[in-house]
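>>> quick one: sequence and predicted model below, then my questions.
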Amino acid sequence: MHFKKTLAVSAAVIGLTFAVGTAEAAQKFITIGTGGVTGVYYPTGQSICRLVNKTRKEHGIRCSAESTGGSVYNINTIRAGELDMGVAQSDWQYHAYNGTSKFEDQGPFKELRAVFSVHAEPVSIVARKDSGIKTVDDLVGKRVNIGNPGSGTEATWNVMWGAMGKTNDDLKLAAQMKSSETPSALCDNKIDAFFWLVGNPSALNKEAATTCDVVFAHTDNAAIAKLVADNPFYRYATIPGGMYNGNPDDITTFGVGATFVSSTKAADDTVYYVVKAVFDNFDQFKKLHPAFGHLKESEMIKDALSAPIHGGAMKYYKERGWM
């Protein structure tokens with residue numbers, strides 16, 4: 001009798017150990033590349049992961065969002081197989097897939113896949129009020145932060161400034177501080193302006209506007225008009241008047257869209273459950289950051305997407321009757 005009980009207990013322990021081992025094996029960990037902690041990319045990744053982790057009993061996926069150097073870094077690291085997914089500007093999604101611009105030496109990244117687009121990202125040029133800067137043309141001879149080395153912001157700056165026939169030699173200083181450092185540098189008079197692309201409202205823009213007197217510069221000139229006309233991933237944008245302290249009027253600018261990307265290395269079922277977590281909880285997702293408030297599913301599955309849609313995302317969109 002005692003022997004039978006021992007066998008039964010041993011079998012139960014073995015069964016439990018096997019079950020736990022199987023559950024652990026079923027766990028999948030994914031990492032999303034974002035951007036600096038003061039931008040909107042980081043909370044975008046966090047928001048996606050929050051919803052994925054909330055539903056992990058359904059699929060076994062654990063998601064973490066990593067602060068990174070931004071779009072170009074994320075795409076290159078996805079290409080290297082060191083990130084599963086990431087947030088990237090629409091222009092760098094286009095260039096990476098086609099092997100153009102900054103990605104020309106690497107060649108086309110044909111395994112890149114679009115998942116969905118997120119918020120619009122207008123160019124913000126935030127300048128000291130006493131700098132005399134009112135438009136992008138006024139940046140000549142000034143001290144400007146142009147973005148982190150290797151970031152999508154820096155790359156877009158180079159495209160825009162080059163389209164205007166300028167080089168960084170036309171600036172008094174081309175600074176490359178982290179975005180989190182720029183409001184204090186601006187208000188401490190270490191730079192005259194900072195350039196970046198960000199969804200609005202932006203905590204960093206608000207910090208600058210409430211710490212010292214700033215203006216937002218317009219970017220409406222002939223060179224930029226041609227840039228927008230020639231490139232489908234750019235679009236005109238407006239920073240609404242009154243959004244930031246001391247700036248009551250609308251600011252005319254241009255920009256890109258933030259997009260969520262992956263590659264063919266990511267399994268269809270993984271991407272499917274990430275997309276499902278976002279769109280099955282879409283009302284909640286929209287509340288996780290002010291930049292998401294006006295998002296529409298119908299636009300997110302097509303706008304600003306240059307690479308083919310990932311098979312896992314397509315499966316979900318077809319299930320919903322969206323494609």
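Everything's here; your move.

>>> all strands for this structure, in order.
For the chain, applying DSSP state E gives strands covering 28-33, 61-66, 85-89, 112-128, 143-145, 173-175, 193-197, 214-216, 235-239, 251-263.

>>> a markdown table please, covering those and showing distance to Y73 and mean pLDDT.
To be clear about C-beta, it is placed using only N, CA and C from the backbone, and glycine gets the same treatment. Output for these, formatted as a markdown table (distance: least, Cβ to Cβ, whole Å; pLDDT from 0 to 100):
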| stretch | distance to Y73 | mean pLDDT |
| --- | --- | --- |
| strand 28-33 | 7 | 97 |
| strand 61-66 | 10 | 98 |
| strand 85-89 | 8 | 96 |
| strand 112-128 | 14 | 96 |
| strand 143-145 | 18 | 99 |
| strand 173-175 | 19 | 98 |
| strand 193-197 | 15 | 96 |
| strand 214-216 | 27 | 98 |
| strand 235-239 | 24 | 88 |
| strand 251-263 | 13 | 95 |
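
>>> spit out the contact partners of N231.
D91 (Cβ atoms under 8 Å, 6 or more residues apart in numbering).

>>> relative to A96, which of the strands of the chain is closest?
strand 112-128 (5.6 Å; Cβ to Cβ).

>>> just the CA atoms of the closest one, as CSV, please.
This file holds the C-alpha atoms of strand 112-128, laid out as CSV (Å, rounded to 0.1, in the frame of the first residue of the first chain):
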residue,chain,number,x,y,z
LEU,A,112,11.4,44.0,-43.5
ARG,A,113,7.6,43.9,-42.8
ALA,A,114,5.1,46.6,-41.9
VAL,A,115,2.7,45.8,-39.0
PHE,A,116,0.7,49.0,-38.6
SER,A,117,1.2,52.7,-38.5
VAL,A,118,0.8,54.8,-35.4
HIS,A,119,0.7,58.6,-34.9
ALA,A,120,1.8,61.4,-37.2
GLU,A,121,5.2,62.9,-36.4
PRO,A,122,5.6,66.5,-37.5
VAL,A,123,9.0,68.2,-37.5
SER,A,124,9.4,70.4,-34.4
ILE,A,125,11.9,73.1,-34.6
VAL,A,126,11.9,74.6,-31.1
ALA,A,127,14.0,77.8,-30.8
ARG,A,128,14.8,80.4,-28.1
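
>>> okay, V20: pLDDT?
For V20, the pLDDT comes out at 41.

>>> check N148 too.
In this prediction, N148 has a pLDDT value of 88.

>>> what's around M243, how many residues?
17 (other Cβ atoms under 10 Å).

>>> what about it, distance to H95?
The gap separating M243 from H95 is 30 Å, by Cβ to Cβ, to the nearest Å.

>>> quick check: beta-bridge partners of F254?
Beta bridges link F254 to Y236, judged by DSSP bridges.

>>> surely it and F233 touch.
No: counting by Cβ atoms under 8 Å, F254 does not reach F233; the two are 10.9 Å apart.

>>> the two: which has the busier surroundings?
Remark: of F254 and F233, F254 carries more neighbours, 22 against 19, as counted by other Cβ under 10 Å.

>>> tell me the phi and psi of S306?
phi -100, psi -40 (degrees, to the nearest 10).

>>> for G36, which non-adjacent residue is spatially closest?
Spatial nearest neighbour of G36, excluding adjacent residues (Cβ to Cβ, 6 or more residues apart in numbering): S179 at 4.6 Å.

>>> and the one you found, what pLDDT?
89.

>>> what's the local residue count around it?
22.

>>> likewise G86?
29.

>>> and it, what are its bridge partners?
Bridge pairing for G86 - DSSP bridges - gives G33, V261.

>>> any idea how far it lies from N245?
32 Å.

>>> so which residues of this protein form helices?
Taking DSSP state H, the helices of the chain run over residues 2-26, 41-54, 56-59, 71-79, 90-98, 152-163, 182-187, 203-211, 222-230, 268-279, 282-286, 297-300, 311-319.

>>> can you put those helices in a markdown table and add mean neighbour count and distance to D249?
A markdown table is the format used below for those (neighbours: other Cβ atoms under 10 Å; distance: least, Cβ to Cβ, whole Å):
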| stretch | mean neighbour count | distance to D249 |
| --- | --- | --- |
| helix 2-26 | 9 | 55 |
| helix 41-54 | 22 | 28 |
| helix 56-59 | 13 | 46 |
| helix 71-79 | 25 | 30 |
| helix 90-98 | 25 | 27 |
| helix 152-163 | 22 | 22 |
| helix 182-187 | 20 | 20 |
| helix 203-211 | 19 | 14 |
| helix 222-230 | 14 | 19 |
| helix 268-279 | 22 | 35 |
| helix 282-286 | 14 | 28 |
| helix 297-300 | 14 | 27 |
| helix 311-319 | 18 | 39 |
